[in-house]
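A.B. asks: Provided below for reference: sequence and predicted model.
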Amino acid sequence: MAEKLIENDKTEFKSILNDKLERVVVSFLNSKTGGDIFIGVADNGSIVGVKDPDKVQLAISDRIKNNILPTCMGLFDVFSEDHHGRIIIHIIVSSGTEKPYYIKSFGMSPAGCYMRVGSGVQQMNNAMIDCLYGSRTRNSLRNIVSPRYAPHSFAQLKIYYEERGFQVNDAFLQNLDLYTADGKYNYVAYLLADVNSVSIKVARYAGADKCDLIENEDYGYCSLIKATERVLDKLEVENKTFTKITGAAKRSERRMIDRLALREAFINAIVHNDYSRDVSPVVEIFSNHLSITSYGGLVEGLSDEDFFSGRSMPRNRELMRVFRDLEFVEHLGSGMNRILKVYDKGIFKITDNFLETVFPFDEDYLDDTEQVTVQVTIQDNHSDNEADNEKNTVTPVQDTVQVTIQVTVQVENMVKILKGIMSGVEMMKLLKLNNRAHFHLDYLQPAIKEGLVEMTIPDKPKSRFQKYKLTEKGMKLHNKLLASGKKGKDYGTDINQVSEPEQKYNTEQVTVHDTVHVTEHVTVQVNGKDNKQSADNEAEKNIINNTVHVKKNNTVHDTVQVTVHVTVQVESLVKVLDGELSIPEMMNKLGLKNRPHFKLEYLQPALDMGAIETTMPGKINNSLQKFRLTLKGREIKKQLGGLKYE
């Protein structure tokens with residue numbers, strides 16, 4: 001804020017916090033644009049500052065939260081600013097969607113309802129109140145009952161909140177407004193639950209239009225927070241860094257799209273999307289640009305001018321509140337300012353029903369596309385010899401732009417087994433994979449994207465006759481891998497020696513949607529003969545937490561044999577867990593920095609399947625808590641060959 005500002009219809013100054021705060025907040029909530037309140041600023045705009053700013057901020061938040069109706073959580077922000085050594089409090093208030101707002105103690109009456117008139121506030125009359133109430137938004141997500149009839153669970157959401165230092169208690173869901181007026185879970189709860197049917201699509205096209213779809217991925221069916229993080233991770237990968245070498249022999253490293261602007265645009269699309277029509281945001285990647293489209297257009301009452309000036313009018317205030325709590329959003333309206341610092345208004349396409357943000361790729365990246373050199377680095381952690389590692393690198397030809405792409409373990413394994421022309425099923429057999437979705441997402445699509453594998457029927461990617469073969473680039477990598485004699489890291493066996501399973505089973509599959517993506521294959525033989533009933537009972541016990549495949553065969557054993565197939569993340573955790581380790585120690589060994597991601601994808605699934613256990617049962621969040629392998633976990637580690645994590 002600049003010195004000596006003047007009060008107007010969007011700005012209010014107060015030298016101290018007084019009993020008129022609620023009136024001003026209500027007047028901004030009932031306005032078309034919202035406004036800013038500064039505590040510690042005199043009427044003439046001079047800075048006087050406040051004493052004990054932390055105490056003042058807490059008092060302001062409590063008063064707005066408890067003294068104004070309808071609830072306006074998610075519609076205001078309170079933070080401090082330092083102006084030449086003097087601290088002031090800045091309150092940002094958005095225009096609300098459930099007008100009229102009023103002071104709780106006076107009710108929806110002229111004594112409780114206020115509006116902004118110039119730089120002051122004025123009471124509404126009954127006609128104004130009735131008019132606003134009649135136009136109040138009725139399709140707020142808070143008022144829509146969740147479409148899910150099965151029980152709702154919120155383990156993922158609670159983990160995110162706990163990691164941000166919030167106290168998760170019995171009132172947690174109530175405080176987040178996840179219930180309708182009659183006590184049922186609302187649509188916000190549905191979006192934030194561990195399991196739902198909401199999916200964010202990320203599509204890729206070969207050209208600059210939608211004629212040639214080459215990739216279509218879904219991120220979702222879980223808490224919207226978790227889905228958002230997954231798409232942000234995807235965008236981080238897609239938004240490649242390239243190096244431009246100037247005439248002065250200097251390097252300039254840039255992203256295809258400004259990283260911060262891209263993140264802000266996507267989060268805005270998630271928070272402001274109109275989910276009441278069961279339509280989710282879509283991300284589309286083209287050869288020369290990337291677009292993010294949300295449904296609903298601008299919120300009613302928000303003009304284009306207000307939108308571009310950074311005025312916030314959250315369509316989904318409950319979601320906005322959660323995203324701010326979890327630090328996805330900094331301050332109301334801050335995202336638009338960040339985007340417009342880098343791009344002009346022309347990247348936004350606004351219609352009545354949609355809002356599309358189109359990010360053009362950096363011109364230097366596009367100009368040098370034909371000169372891009374892809375450097376594929378194969379890291380062999382089995383060797384400590386630096387010279388050996390250098391041999392495993394495809395040396396690039398020097399050029400104007402250089403993009404470095406790290407090939408995953410999964411892609412390495414697939415490239416190595418792919419000989420001639422093979423179908424997806426044939427490759428899955430050689431890789432000993434059962435989960436087709438996992439194979440497509442983590443093996444096939446990344447390999448195609450990096451130009452290592454190509455389709456035999458490129459015009460029909462989903463054809464049942466589709467097969468795959470190595471490209472020239474893929475063949476070079478294939479030969480390098482064979483020459484290096486690398487092991488198949490995914491399953492601890494030499495890829496050249498992979499054979500068909502010795503036993504074939506008649507498999508009966510029972511699928512249960514759950515937050516833990518673990519599959520257990522259970523074979524039960526008791527007292528020297530196959531016991532189908534025992535197998536069924538065992539499956540019944542496991543069905544609560546897992547997807548279970550019950551296998552029957554005629555093999556005779558006197559013991560119960562359990563073969564466990566775990567996710568790559570759980571496998572990695574089991575490999576590094578020696579003795580008793582804390583969460584920071586395990587994350588350090590895994591090279592991870594995102595604590596919620598570690599808990600959701602590694603720790604919780606391993607606990608749920610009984611591979612690890614706590615040293616202090618019942619106190620999962622205790623600062624002294626550590627974890628160790630169970631008997632089942634040690635057996636898994638033994639089956640993995642006791643390999644160290646790579």
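C.D. replies: On my side now, so go ahead. Numbers count the residues shown, from 1 in each chain.
A.B. asks: Quick check: end-to-end length of stretch 427-435?
C.D. replies: For stretch 427-435, the first-to-last residue distance is 12 Å (C-alpha to C-alpha, to the nearest Å).
A.B. asks: try stretch 601-609
C.D. replies: Stretch 601-609 end-to-end distance (C-alpha to C-alpha) = 13 Å.
A.B. asks: how about the most centrally placed residue in the chain, what does it touch?
C.D. replies: By C-alpha atoms, centre = their mean, the chain has its centre lying nearest to residue 229, at 1.6 Å. Each residue near residue 229 by C-beta atoms under 8 Å, 6 or more residues apart in numbering is listed here: 594, 596-597. All C-beta atoms are positioned from the backbone trio N, CA, C, and that covers glycine.
A.B. asks: Could you do residue 580 as well?
C.D. replies: For residue 580, the contact set (C-beta under 8 Å, 6+ apart) comprises 615, 626-628.
A.B. asks: Would you quantify the distance from residue 104 to residue 338?
C.D. replies: Summarising the geometry, the distance separating residue 104 from residue 338, computed by C-beta to C-beta, to the nearest Å, is 35 Å.
A.B. asks: Between those two, point out the one with more neighbours.
C.D. replies: residue 338 (17 against 13; other C-beta atoms under 10 Å).
A.B. asks: Now do the helices in the stretch 1-150 of the chain.
C.D. replies: 21-29, 53-67, 126-134 (DSSP state H, counting those that start in this stretch).
A.B. asks: wait, the stretch 151-300 of the chain
C.D. replies: Using DSSP H, counting those that start in this stretch, helices in the stretch 151-300 of the chain cover 155-163, 172-175, 187-192, 224-238, 259-272.
A.B. asks: Which positions within the second one qualify as buried?
C.D. replies: I take that to be helix 172-175. residue 173 (16 or more other C-beta atoms under 10 Å).
A.B. asks: and what of the longest one?
C.D. replies: With burial defined by 16+ other C-beta under 10 Å, the residues of helix 224-238 counted as buried are 224-232, 234-235, 238.
A.B. asks: could you dump that helix to PDB, C-alpha only?
C.D. replies: Provided in PDB are the C-alpha atoms of helix 224-238 (Å, rounded to 0.1, in the frame of the first residue of the first chain):
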ATOM      1  CA  LEU A 224      -9.700 -32.600  -4.600                       C
ATOM      2  CA  ILE A 225      -6.600 -31.500  -2.700                       C
ATOM      3  CA  LYS A 226      -4.700 -34.700  -3.600                       C
ATOM      4  CA  ALA A 227      -5.900 -34.500  -7.200                       C
ATOM      5  CA  THR A 228      -4.700 -30.800  -7.400                       C
ATOM      6  CA  GLU A 229      -1.200 -31.800  -6.200                       C
ATOM      7  CA  ARG A 230      -1.000 -34.600  -8.700                       C
ATOM      8  CA  VAL A 231      -1.900 -32.300 -11.600                       C
ATOM      9  CA  LEU A 232       0.500 -29.600 -10.300                       C
ATOM     10  CA  ASP A 233       3.200 -32.300 -10.400                       C
ATOM     11  CA  LYS A 234       2.200 -33.200 -13.900                       C
ATOM     12  CA  LEU A 235       2.400 -29.600 -15.000                       C
ATOM     13  CA  GLU A 236       5.800 -29.300 -13.400                       C
ATOM     14  CA  VAL A 237       7.000 -32.100 -15.600                       C
ATOM     15  CA  GLU A 238       5.400 -30.800 -18.700                       C
END
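A.B. asks: orientation of it relative to helix 259-272 in degrees?
C.D. replies: 150 degrees (axes from the mean of the first three to the mean of the last three C-alpha atoms, to 10 degrees).
A.B. asks: Return the mean pLDDT over helix 224-238, rounded to an integer.
C.D. replies: This predicted structure assigns helix 224-238 an average pLDDT of 91.
A.B. asks: what does the shortest one give?
C.D. replies: When the per-residue pLDDT values of helix 172-175 are averaged, the result is 90.
A.B. asks: Ok, stretch 477-491 next?
C.D. replies: The average pLDDT for stretch 477-491 rounds to 66.
A.B. asks: Point out the most buried one among the helices of the stretch 1-150 of the chain.
C.D. replies: helix 21-29 (a mean of 24; mean count of other C-beta atoms under 10 Å).
A.B. asks: Who are the packing partners of that helix?
C.D. replies: strand 11-14, strand 35-39, helix 53-67, strand 68-69, strand 86-93, strand 102-103, strand 114-117, strand 120-123 (3 or more C-beta pairs under 8 Å, 6 or more residues apart in numbering; DSSP states H and E).
A.B. asks: who's in contact with the first one?
C.D. replies: For strand 11-14, the surrounding residues in contact (C-beta under 8 Å, 6+ apart) are 5, 7, 20-21, 24, 28, 35-43, 45, 119.
A.B. asks: domains of the protein?
C.D. replies: 11-136, 199-303+314-328, 368-497, 506-565, 568-639 (automatic domain parsing).
A.B. asks: out of these, which comes closest to residue 350?
C.D. replies: Smallest distance to residue 350 across those (C-beta to C-beta): 6.2 Å, for domain 199-303+314-328.
A.B. asks: where's the closest one relative to the chain centroid, distance-wise?
C.D. replies: 11 Å (C-alpha atoms, centre = their mean, to the nearest Å).
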